[in-house]
Structures are given as structure tokens and as C-alpha cells.
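Visitor: Predicted model, plus sequence, below.
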Amino acid sequence: MNFDAYCDWRKLLLRFALGIAILLHVDGLYAESVQKPVVYFGGFAFAGNANEAPVRYPIASALNIATDDGTPLFGRKIREFFQTSSNQLTKVDLEFGVARKEETSLVLALAMTEEQVLKEKIGDFHKLVIELGFELLVLDYRGMEVVLSQPIFIESIDAAKVPFSDERISERIQKMMVEPDSQLFKSLTGKLDHIQVRGKNQGTLQVKSVSIGEKALPFLPEKYQKKGTNTYTRLVAQEFGALLSSQAGVSLLPFAKDAANTKMALVFSDASVLQFAIPAPTFAIDLGVKGFKKVLDKSTPAEALWLYGAYLDLKIYEPEFQKVYFETPIKFGVSKIVPKSQKEVDEFPVVSESLKGAFLEAINQICKDKNTQTKVITKCKL
């Protein structure tokens, strides 16, 4: 290699090294500038006013007693879960301790929104159905507003030859919520990577209204019929929201029972009651459970095969301009074999299964519809 060629080679090498150094420096500056927002752990809360907790959550509120460190059971177990799982949060820095507003106004909390226990005697068996609802929330304490919400719905169905005692039901709810490998912890684990602070251009979704048709009422448990359909309406919104959130990877604002009630009251472990505004959604969902239907498909001297169908209307639209992006009726059926010797049939779990199937079919169609996927789902992605 002659002297000139050597010099050219040295210049090229120096330029390459300088370029790499600049790129690394810029990348380092970028990493420093894009810091994850700090969110403080706010604990566990019951949704509703203070006097509503013992009524809406009679078993959970009775279980939530002080532990040996003075912290109520659920508050302590939920805190321990997030402390051991905080490394799985990739979009926020979760801090524990007292949140000072001058440092951050953002708080992560888990709110219980539903506790339903159904006990029925079907033939020689006693049936137990437990349905629990929660909202994983990022709250803005400065603006007193819900920033982000991910709904959670868990359920337990059991049967026994003896009635379920209150003690046994309490043990079951505690196991569902805060025991190791509980249904709640498994659901939370799947949502950790989606905990974030909503961007300015990120859209929001909300189940805006739920209607229950006359043809659905005969299949509902007596408990729901006595109180009207408000309780069942909340359950429908909670379950659909939880399925949509997990299947499509979106967040949903908490369901509000009416247009005039756009605040979410939370009762925290320290007995403080705070109200957070639920912002107007970018996109809304209307659900109509039109009804359930059963049809005899086959019959033999020993048994009968019944088909149970759920009929659902669903619409996704932009409330401000009433622009509809998706609207379609959905139906879904499941089968149940009933022995001829069985005089009574518990139909509610069967129609619940068919309704869940209708929800999943609706979500599948939503995700496959290019217009809805592009203009709604993508804008609300976590």
C-alpha cells in the first residue's frame, strides 16, 4: 500500500469511527429524553360511595380487614403483587410511597366494581356462581380524572350436593382475588405491559349504553329480575369490555350507568372517598342483548339435546358527530344435553356461555373489519 492510499484509508476509518460515536451519542441523548412517566401506586379501592361498599360488596368488604402491618388485606396483597411484578411494567416507572403532586399527579389503582353471588338449587344439586369485576386504573390526581382503564372480569361456577355456606363462599372469593395464582393476579399479569399514560392523540373507547331485551329476562336469575336489569347491565358491560380489552389490546373508559353520571367514586383503604371524572370517549359502543332462545334439536328416550342462542346488537360510533363505523347483529349458539330424568335445568350459565360466544364473535368481526380496525381500534391501541 503506497503512502497516499494509506492516508485515504486512515481518513475513511476516522470518519467511520466518528460517525459511530455521533450515532451512539445521539441515541444516548434520545434514550435520556424519552423517560418513562412516573406513576405512584395508589392501592386498592371499592367503586362507589362509602356507604355503598357494604351493600355492593358485602363479602369482599368483610374480608378486607387489617393485617398484621395495619394494611387491609386486599390493599396489602395488591401492593405486594405490583412490587414483585414492577419489572414487567415497560411503559411507566411505578413508585411506592407518598405521591407528591409537584413530582407527579399520576396514580395506579385497582378498583373493585362488581360482586355478584348467585345461589340456586337445581334438582339434587346446589349451584354457586360468583362474578367479580375490577378496573385497573391510571388516575390523574391533579385534574381528578381517569387517564386509563382496563376492565377485568373473573367468574367461578361450582355445584355441590350440600348448600354453600357463607364461610365457604368467602374463602372462594378470597382465593379468586388474592391467593397465589389467583384469577385476578393472572388477569393483572396479562395487563402489566399495557399500563401507560394515554398520549394526546390516543383515542378512547367506552361501552356507552347497554339494553336488555324482554326476550332475555326469562333466562335471568330471580336476583337480577327483582332488582330490575341495572345489575345485569353492569355485568354485561364489564364482561364485554374485559374481552374487548384483552382480545383487541385497547383500553376502555369505565362504564357509566347514565349520561348524567360521568364520575367514578372510589373508596380507598384509608377510608378516603375521591371522585374522578370519566372523560367523554372518542368512540362509543352500544350493546343490545336482544334476547335468548332455546330450541329442541334432538330427543331420545334417555336425553334431549337443546340449542341455546344469544342475540346481540352492537354499534361502534363517534358520539360527537354520530358517525357509525361498525353496526351489525350477532348471534351465537351452544348446545346442552339434558337427561330426561332431570326435571330442572339451570339455564343461566348456558345462556351466559352463548352470550360470551356472541361477544367473542362480535370482537372477531370488529378486528377483521378494515374500516373499524384502522379508524377506531388502531387509534385506541395500548
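Guide: Ah, there it is. Residues are numbered from 1 along each chain as shown.
Visitor: so which strand or helix has the residue nearest to Ser187 when sequence neighbours are not counted?
Guide: If the residues on either side of it in the chain are set aside, Ser187 comes closest to Ile152, at 4.8 Å by C-beta to C-beta, 6 or more residues apart in numbering. For glycine as for every other residue, the C-beta is placed from the backbone atoms N, C-alpha and C. With secondary structure defined by DSSP states H and E, Ile152 is part of strand 145-160.
Visitor: Buried residues, that strand. List them.
Guide: Neighbour counts over strand 145-160 (16 or more other C-beta atoms under 10 Å) mark Val146, Val147, Leu148, Ser149, Gln150, Pro151, Ile152, Phe153, Ile154, Glu155, Ser156 as buried.
Visitor: And the fifth one, how close does it get to Val210?
Guide: I take that to be Gln150. Distance of Gln150 to Val210, computed by C-beta to C-beta, to the nearest Å: 19 Å.
Visitor: can you check the fourth one too?
Guide: To Val210, Ser149 is 17 Å away according to C-beta to C-beta.
Visitor: Ok, the last one next?
Guide: The gap separating Ser156 from Val210 is 23 Å, by C-beta to C-beta.
Visitor: What of the first one?
Guide: In this structure, Val146 and Val210 are separated by 19 Å, where distance is defined by C-beta to C-beta.
Visitor: Least confident secondary structure element in this protein?
Guide: helix 3-33 (a mean of 49; mean pLDDT, DSSP states H and E).
Visitor: quick one: strands adjacent to the helix or strand just after that helix?
Guide: Note on helix 3-33: by DSSP H and E, the next helix or strand toward the C-terminus is strand 38-47. Strand pairing for strand 38-47, using DSSP bridges, gives strand 93-95 (parallel), strand 106-122 (parallel), strand 263-268 (antiparallel).
Visitor: Tell me the buried residues in strand 38-47?
Guide: By neighbour count with 16+ other C-beta under 10 Å, strand 38-47 contains the buried residues Val39, Tyr40, Phe41, Gly42, Gly43, Phe44, Ala45, Phe46, Ala47.
Visitor: which one of these sits closest to Val250?
Guide: Set against Val250, the nearest of the buried residues of strand 38-47 by C-beta to C-beta is Val39 (19.5 Å).
Visitor: Which pLDDT does the model give the closest one?
Guide: Looking at Val39, its pLDDT stands at 92.
Visitor: how close does it get to Gln275?
Guide: Applying C-beta to C-beta, the value for Val39 to Gln275 is 20 Å.
Visitor: And Tyr232, by the same measure?
Guide: Distance, Tyr232 to Gln275, by C-beta to C-beta: 25 Å.
Visitor: in the helix or strand containing Leu128, what counts as buried?
Guide: Here Leu128, judged by DSSP H and E, is contained in strand 125-140. By neighbour count with 16+ other C-beta under 10 Å, strand 125-140 contains the buried residues 126-140.
Visitor: didn't His126 look like it was pressed against Phe164?
Guide: Yes. Using C-beta atoms under 8 Å, His126 is in contact with Phe164, at 6.1 Å.
Visitor: can I see the domain layout of the protein?
Guide: According to automatic domain parsing, the chain comprises the domains 1-34, 37-201+253-279, 205-250+282-382.
Visitor: Any idea which of those domains has the lowest pLDDT on average?
Guide: Lowest mean pLDDT within the domains of the chain: domain 1-34, at a mean of 49.
Visitor: residue ranges for the strands of the chain, please.
Guide: Remark: strands assigned in the chain by DSSP state E are 38-47, 93-95, 106-122, 125-140, 145-160, 205-215, 252-253, 263-268, 273-277, 283-299, 303-318, 323-339.
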